[in-house]
Each structure stands twice: as C-alpha cells, then as structure tokens.
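# no sequence on this one, just coordinates:
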C-alpha cells in the first residue's frame, strides 16, 4: 500500500505551512494518508533533514517520502522525484536532503524532475514550492501517477550529494560521522545495521572514540541491558549504530554534536 | 470541498486539548478532515492567533476555520460562526481573533452565534468551549449544517475588532503594523498582496523603516533572488508584504517585534 | 465507536517515532483514527505521562488509549492491555504509566499481556516496542480483536502502581499531590471532580496550602469568574481540582511543581 505520504520539513509547527501541505494532499488525493515524521528540523538544516528522512525511509520503505528543507526555494534548484532501488519514491529539492535516504534504500534507480506545468497547478509561488509543486507531486504519486509523468528524466550522477562525509575503514577502525542526536541525546553514526558484519564490528564490546575521548561500551540489544547512567552502543530504531546512555544523554555527557567523526572498533 | 476543518489554537501540543477536539470532530462528522494550522500560539495571544488565522484563510479559503485563542472562555463572550464575503466559514470566540481573517476574505457577510443548546451537546464545560461548543460547530458545518441552525444572527457591527492598528497612507509612505514574525524570523506587515498596486508600492526596490532604522531592499520574488545574509522584501506564502533575510532572521537582526509600525515606500 | 486510538508518548515531535507509529496503525487497521494527545512528555517522565493519559481517558473514555513512556523498553517489563471497569482499553508498558488512567475509569477490570508472537509481527526491535508491539496491539483492538487474543492474562494485583502518592483525608483537610502543571501554568491536584462532595470540598471558597503558603480562593466555574491576575480553584477539562490564575501561571507565581502535596479544605 503506497498511499501513505511521510512528510519531513523545517517548517516547524508554529506556522500554517505544514497544515497547508496536508490540505493540498488531501484535496489532490483523498485516499492519501499524510504522516508527519518531523517538522522541527532547525531552519535550513539540510544535514538534520537528511538524517531524519533516512531514519524515516528505513522504517517505512513502502511509503512516499516528502522532504522539504529548502533554503534555495525558487532560485533555480530542481524539484525531484527519486525512485530508489527499493522502489521507494522520494520527493524534495535537489540539495542533498534526499540522498542519505536514497543511499539507505540501495541507491538511486531513476530520477525525474517535478515540473509544476505537468501537474496542472497554478503558477507556483516562488517561496513555497512545498505547497505548489512538491506536495502536489507526492499526492499524485499516492494516487498512482507515474514519476515519468511529473517531468523530464535527470541523470542521477548530476544530483547534489548527501551532506555528510563518507564512512571509511582505517585499519581496524571504522571512521564515521555523527549524523544526528535524537531527542534522548543518543548519537547516531553513519554505520548502518547491515554494515556491522562487513565492517568487522560484530562484537560484544566496542571502542568508540572522538578525538582524545575513548569509550569502551557494550554493544547491546537495548538500553535496559546496561545500568542507569551507563553508556551503551546499539542499533536503534533508525537502523544506525548509536551511542546512548541509559536514562541519560550521550550528546550532553560527552559534548558531541552532529558532524564530528567517531572512530569505532571491535574489542 | 468544504470538509476540511483548519484548526488554530493556543493549546500547545503538551496537553490533551488539541487531540480531544480532533476526536470530537471525527465523531460528529466522520467525513471531516482536521488539519492543524498551528497550536503554538503563545497562551492568550490574540494578535498571534489572528495573524496565523489570516495566513490560513488566505491559503485555504475553501475550508472551515476553527480558531481558539480564548482567554475569556466561559465568561459571557459570544461563540461565533462568521461567514465571510468569500463564503468561507470561521468559528471562534468574539474577541477579535477571527477578524483579520474575515477582512482578508473581503469582510464579514453574516454572523451567527453558536449556541450549544442548538447543537444538542451536553452542557458545555465553562473552561472548554473549544471541545463542547466550537469544535462541534465546526464539525456540524463540515457535515453540511447551515450557520443559521447554530444560533441567532448577530449584527457584524457589534463584533470585537481585529487586534491591530489599521494600515494608513502618509504621503508617499504606507504605515503598517508588523503582524507577526514567522519561524524563519521574517516580518509580515499588514500590507496585503492585493494592495501593493493601489498603495503605490509596485517597484523593484522599497524603503522599509522602523523609527531611525531605514532599510533599502529589493522587492523580489523569492529569497534566492538576493545573496545569503541580504535583506529582501517579498510577498510570502501568507500573502502579506514581508521583510526577510536570506538564510537569516530579520526579526533578530533588526530587533523588531510584532506590533511595531513600519513605514514603507517605493524607491 | 471504538476506532479512535488516542496516543500519548515521550517521543517528542523532532524524530520519526510518532509518525512511524501512525503509519503502523493506519496499515494494520485502516479504519482507525489516530489522535495525538501529547508527545511532549519529558523523556522518561512516567509521572507526566500518567497524568496526561488520565486527562485523556477522562475526556475520551470511548477510545483506545496507547501510552508510551518506557525507559525500561526491551528489558523484561511487560507490555499490557488493560481493560478498565468502564470498558476502556489502555495499551502500554507495565511501569505505572497506565494506572492513574485506569483508576480514573473505575479501576482495572482485566489485564492481558501483549505478546508480539500473537499478533504475528516481525520480531520486535528491543528498543522500539511502541512500533512493533504496542501500536500493533492498539490497531488490532481498533479493528475488533479481543484483548484475550493478544496474550496471557495477568493478575491486576501484580501491576506496577501509579507513580503518585495517594490522596488522604486529615481531619477537615484533604491532602493530595499535584499531578501536573498544564501549558497555562495551572496546577492539577489528585482530587477528582466526582470526589468533591464526598471529600467535603463543595464550597464557594477553598483554602489551598503548600507548606507555609496558604491561599484562600474562590471555587468557581471558569477563569473569567475572577479578575485578571487573581487565583481561582475550578474543575478543569481534565476533571481534576485545579489551582489557576486568570491569564497567568499559578505554577510560576507560587513556585509549585508536580509532586508537591497540597492541603485543601472548604472555608
């Protein structure tokens, strides 16, 4: 069932933008169900948007994902409909915000531009493509329109890449950026559940270091496997290797913010 | 299609109030779709509520708008159903919170009181008319009930006016209050898109001044028409003339808050 | 109509968790309507979760209530489906977060464990029972599945109790904990609307004291019954005796936080 539209944005909940996009989708495709995956992305924060979108597609690959963090709106950057190798459709601007999600879904299969003239809406407001181009495109997909009807094909090689450094191996270490901190202060690293084996991290304990700070932590199944206040590594619901503190905040205790690189190895 | 109920309040999202009103509407009119346009209005802030409601009706005139910022709840102020000249219905308390929206829709066509006895609900709780009077009225409208069935007619002249100073012309200047700042720090002035010509502001550049601070800014189509960090005037998605900074916050840079008056002229 | 699923959690709205649970419920039971009653519970705050859930069931007894504040997730605590004496179903972890709500509904009638193997989902992720066990259980109930199909019966006496001290009478005083402060700063006491008479508090004025601070306040029907800035006691929409300030915050003025005990008597 592909009628669920997952919606991520930096619109916040103080203004009317999120609701307006809901209404646009309801009207264009009454069968669609819009599910809000997060609108508290800090304004213009493409990194956080990309991380939340990637968590979303990992959990809900059989949905359409609408992702709007769009500081360049109206300024010539393209609006995209990406079909990932998994078949999942992603709709958003061409600024990298969709690319971590696409990677998580096996990579980009094909890409079409979303051209408002093709979906027969009024001339889009240059400050609000979400309402006039992207949400209508997501609604069209939810009601069965094919991506090729939305615009011309685009060469996947030409897309703006994901806004994170790559994960690399350095001897026995895996060097990976912190993608985000979640509400509970847990730190998600760019090491996917499905990479744990091939990266040699399948172990009962891991060393996770940030510069001079080196932590030895159990690699466990859940927070409750350690005592309150103790650190733990686990695969969290986003599917990333995550450093957490039971009933506490790893981000605060260690002073780590997204963007920093971690070095991880099995011990 | 008039089955979309747009909902604005100062209820916040920490408590049960918003969800309870959703449930009331779902039950009274299962065909209705409730769309949240913003519940983070600061407690009792009728100005912000009025501004958000006005942005909402500008974007979604073909919906029912339920607006609850209601410090006088249960104290004798009337509950209203306003039909605007556009045909749009607005439901909320008689404290001015609906009036900027009504003005944006061409003015008030007719007004009925909402009397709980007419809509056959239990005796309303005096602290929660939203649940017991206003949401049921919006649901009734969504399912086709006529406003005249909700209560007695009210003389539009007797309504509490909008909580903003009017916009006036002063020689070549237009003097208008700042209605609100949005999430991105952009400042919306009480100068509607449809007034730009008649107020003589159709120009490539505008002077916008607040007291001794005078800014000369391009009057552009979108943020991306100026460099990062540069100020710009544009008509934003709310339909108001707006002073913004590309990738920044005009409210913070200039220290301007809603309620202050701006003087604007073409240059 | 029991197809409304009311959802309370400490997931916040910055991450994907709430939306993912919505999607899970929509898919498992397309007839269900998910209503968000509050996801801004501070992380791990079982007290606040219990208070919000109790307010929710008081207002919407004819719904299914899904409550997730779950610091012990995956660590052996049970997942529960409680049927209250009112017939209302409550789904959540066995850590006390459901118990104030159950008490508000006349007490626990019967309890079943929710066992993921019975509802035929994939092996649950140990950090996200909300998605893999609790939301699917709520969806199953919304589509008519009986609680006894979800797992084995549990002795109600064995459940973790509500995380508040009991309300007791001490001569003419009623001693009750503050359950929570709401968005407007009003303080809800653990004295239910239906207890007012039997506790001897039916009066036009009440004395409410916290340690050395003793207040004499009118016991009124709504905020507008007193002047702006004046304190008032009333039964608020949650159905608890509440100490409020008209257009102000009682919590801030008196420096009172949840957990403190109040002594209340009629005067």
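All right, it came through fine. All of these numbers come straight from a predicted model, not from anything done at the bench.

# can you tell me how far the most far-flung residue of chain A relative to its centre sits from chain C?
Distance from the centre of chain A peaks at residue A:227, with 30.7 Å (C-alpha atoms, centre = their mean). With distances taken as C-beta to the nearest C-beta, to the nearest Å, residue A:227 is found 11 Å from chain C. Where you see a C-beta, it was placed from the backbone N, CA and C, and this is true even at glycine.

# and the pLDDT at that residue?
With respect to pLDDT, residue A:227 scores 93.

# now it. Nearest residue, chain neighbours left out?
Nearest residue to residue A:227, sequence neighbours excluded (C-beta to C-beta, 6 or more residues apart in numbering or on different chains): residue A:246, at 6.8 Å.

# got the phi and psi for that neighbour?
Main-chain dihedrals, residue A:246, degrees, to the nearest 10: phi -60, psi 130.

# that one: how many residues sit nearby?
Taking other C-beta atoms under 10 Å in any protein chain shown as the criterion, the count of residues near residue A:246 is 22.

# pull the longest helix from chain A.
Using DSSP state H, we find that the single longest helix of chain A is helix A:46-59.

# give the contact list for the residue nearest to residue A:232 when sequence neighbours are not counted.
Closest residue in space to residue A:232, ignoring its immediate chain neighbours: residue A:226 at 4.5 Å, by C-beta to C-beta, 6+ apart. Contact analysis of residue A:226 by C-beta atoms under 8 Å, 6 or more residues apart in numbering or on different chains lists A:218, A:220, A:232, A:246.

# redo those as TSV? Include distance to residue C:197 and secondary structure.
Putting these into TSV (distance: C-beta to C-beta, whole Å; DSSP: H, G, I helix; E, B strand; the rest coil) gives the following:
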residue	distance to residue C:197	secondary structure
A:218	56	strand
A:220	53	coil
A:232	51	strand
A:246	46	coil
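
# just the buried residues of those.
Buried subset of those (neighbour count, 16 or more other C-beta atoms under 10 Å in any protein chain shown): A:218, A:220, A:232, A:246.

# what parts of the stretch 101-250 of chain A come near chain B?
Neighbours of chain B within the stretch 101-250 of chain A, by C-beta under 8 Å from any C-beta of the partner chain: A:125, A:126, A:127, A:128, A:131.

# need the max-distance pair from these.
A:126 and A:131 (11.5 Å; C-beta to C-beta).

# more neighbours: which of those two?
Each of residue A:126 and residue A:131 has its neighbours counted (other C-beta under 10 Å); residue A:131 has more, 22 against 19.

# is the more buried one in a helix, a strand, or coil?
helix (DSSP: H, G, I helix; E, B strand; the rest coil).

# right, and it touches residue A:20 too?
Yes: Residue A:131 lies in contact with residue A:20 (C-beta atoms under 8 Å); the separation is 5.5 Å.

# picking up where we left off before, got JSON lines for the residues of the stretch 101-250 of chain A next to chain B, with secondary structure and distance to residue B:113 too?
Listed next are those as JSON lines, based on DSSP: H, G, I helix; E, B strand; the rest coil; distance: C-beta to C-beta, whole Å:
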{"residue": "A:125", "secondary structure": "coil", "distance to residue B:113": "37"}
{"residue": "A:126", "secondary structure": "coil", "distance to residue B:113": "42"}
{"residue": "A:127", "secondary structure": "coil", "distance to residue B:113": "39"}
{"residue": "A:128", "secondary structure": "coil", "distance to residue B:113": "36"}
{"residue": "A:131", "secondary structure": "helix", "distance to residue B:113": "34"}
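
# could you pull up the residues touching residue A:168?
A:174, A:175, A:176.

# distance check, it against residue A:178.
Note on residue A:168: its distance to residue A:178, by C-beta to C-beta, to the nearest Å, is 15 Å.

# residue ranges of each domain in chain A, please.
Domain assignment of chain A by automatic domain parsing yields the ranges A:4-158, A:168-266.

# the last one: end-to-end distance?
So that's domain A:168-266. Terminal residues of domain A:168-266 are spaced 15 Å apart (C-alpha to C-alpha, to the nearest Å).
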